[in-house]
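> my questions concern the predicted model and sequence given below.
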Amino acid sequence: MRRIPAAHVGDMVVVTVTKGKPEFKKQILRAIIIRQRKPYRRADGTWVQFEDNAAVLVTEDGQLKGSEIRGPVAREAAERWPAIARAASIIV
């Protein structure tokens, strides 16, 4: 049906930067989703929902382009990507 598959927390996606530093704006980059507003269910039965949607810019092999991550990071993204787990201040 030519649908774009849905992306969830921990998935790497292709994005375009609309807000941020001028050197990243209007470029096609890779990012990993670390928070999402839509509630999702974990394997242990708990539901998780964040206040906003957020992603971090990465290289193609998953290394961060920035040096810090502001705000909480979902456990699913931290378990899947070790570089994000090292840079995260709060893992929920």
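Right, received. Where do you want to start?

> which residue packs closest to the most centrally placed residue in the chain, ignoring adjacent ones?
Centroid-nearest residue in the chain: Ile33, 1.9 Å away (criterion: C-alpha atoms, centre = their mean). In space, and not counting its chain neighbours, Ile33 is closest to Ala55: 4.9 Å by C-beta to C-beta, 6 or more residues apart in numbering. (Glycine included, C-beta is placed from N, CA and C.)

> what helices and strands are in contact with the helix or strand encompassing that neighbour?
Assigned by DSSP states H and E, Ala55 belongs to strand 54-58. Where contact means 3 or more C-beta pairs under 8 Å, 6 or more residues apart in numbering; DSSP states H and E, strand 54-58 is packed against strand 12-16, strand 28-35.

> mind listing residues that contact that strand?
By C-beta atoms under 8 Å, 6 or more residues apart in numbering, the residues outside strand 54-58 that reach it are 12-13, 15, 17, 24, 29-35, 64-66, 69, 71, 81, 83-84.

> and these, which are buried?
By neighbour count, with 16 or more other C-beta atoms under 10 Å, these hold 12, 15, 17, 24, 29-35, 64, 69, 81, 83-84 as buried.

> out of those residues, who's nearest Val92?
Arg35 (8.8 Å; C-beta to C-beta).

> so the closest one touches Asp52, yeah?
Yes - using C-beta atoms under 8 Å, Arg35 is in contact with Asp52, at 6.3 Å.
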